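Predicted model follows, preceded by the sequence.
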Amino acid sequence: MNRMEFVNLTVQNHVGIVTIDRPPVNAVNRQLYKEIMDTFRSINEIDEIRVAILRAEGKMFVAGNDVKDLQQLNIDNGHEYRDMVKDSLGSVYQCRVPVVGAINGPAFGAGLGYAACCDILVASEEAVFGIPEIKIGIVGGAQWLSLLVPGKVVRCMALTGCSIKAQELKQYGAVYKVVPGEKLMEAATEVANVLMTNSPIMLRYWKEALNINADARLAEKYDVESDFTGKYMVTEDFKETLTAFLEKRKPLFKGK
């Protein structure tokens, strides 16, 4: 129904299926951020769609930001990049219909953000969630993670860069079901079908009310984190962080 280079939208029985496909690991670059945003905003204009499913091709859900894009960031263009990320994630969070996330594998950084912005999550047994931003010199993602886990877990994951498996996330109540990979779309479709037993108008009203009451400052919190990334960009450690990550070696930080 709506195919872009990296994102495809199809509609089946009133369910809008959004598929991310940017091999090899679905890393998010500027184009993919925009395609996801445009796709979810288009869903708001399609009355036929009553529920959406967000899924991805490949062994990973979304690996996070494309580090090549991050290398182009500086103190002058950082705010523009921040707003692009915020608007893309926000398009999922603010989508007028419920969004079921079908998480097939690792969801890191922006991938965790997209998962967190879904209303209900089902995950494969291979799914892993994390915000390893500290490993690439970025402050950001904790406010999305806070939609999934308690505050102390947010701090631990943000400050260490460590990730957790889907089954552990289920224990926190963030994941509705954990299933074998081959049954993931079946499980997501079952959830969508249950949602559609309710009035489509009530689904939209409920989602809007839940979003309003959840956290009116969610986007502002992302801005706070991004401002610290901007401060970090002018340091020698920032350059070393990205260089070491790309060269797959331990960084040698100087603290300046």
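Cool, the structure landed.

where along the protein do the strands fall?
In order along the chain, the chain carries the following strands (DSSP state E): 2-3, 7-12, 15-20, 27-28, 51-56, 64-65, 99-103, 107-108, 120-124, 128-130, 163-165, 177-179.

okay, these in JSON lines with mean neighbour count next?
All C-beta atoms are positioned from the backbone trio N, CA, C, and that covers glycine. As requested, these are exported to JSON lines (neighbours: other Cβ atoms under 10 Å):
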{"stretch": "strand 2-3", "mean neighbour count": "14"}
{"stretch": "strand 7-12", "mean neighbour count": "17"}
{"stretch": "strand 15-20", "mean neighbour count": "22"}
{"stretch": "strand 27-28", "mean neighbour count": "24"}
{"stretch": "strand 51-56", "mean neighbour count": "25"}
{"stretch": "strand 64-65", "mean neighbour count": "26"}
{"stretch": "strand 99-103", "mean neighbour count": "28"}
{"stretch": "strand 107-108", "mean neighbour count": "29"}
{"stretch": "strand 120-124", "mean neighbour count": "26"}
{"stretch": "strand 128-130", "mean neighbour count": "24"}
{"stretch": "strand 163-165", "mean neighbour count": "17"}
{"stretch": "strand 177-179", "mean neighbour count": "19"}
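
Pick out the shakiest of these, pLDDT-wise.
Across these, the stretch with the lowest average pLDDT is strand 2-3; it has a mean of 82.

Run through who's touching that strand.
8, 9, 39, 42 (Cβ atoms under 8 Å, 6 or more residues apart in numbering).

any idea how far residue 57 is from the second one?
From residue 9 over to residue 57 the distance is 14 Å, taken as Cβ to Cβ, to the nearest Å.

Give me the common contacts of the two.
Both residue 9 and residue 57 are in contact with residue 19, where contact means Cβ under 8 Å, 6+ apart.

nearest to residue 205, of the strands of the chain?
Taking Cβ to Cβ as the criterion, strand 51-56 is the member of the strands of the chain that comes nearest to residue 205, at 14.6 Å.

For the closest one, which strands pair with it and how are they oriented?
Here strand 51-56 is paired, per DSSP bridges, with strand 15-20 (parallel), strand 99-103 (parallel).

Save those as CSV, and put in distance to residue 27 too.
Written out in CSV, the entries for those read as follows (distance: least, Cβ to Cβ, whole Å):
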stretch, distance to residue 27
strand 15-20, 10
strand 99-103, 16
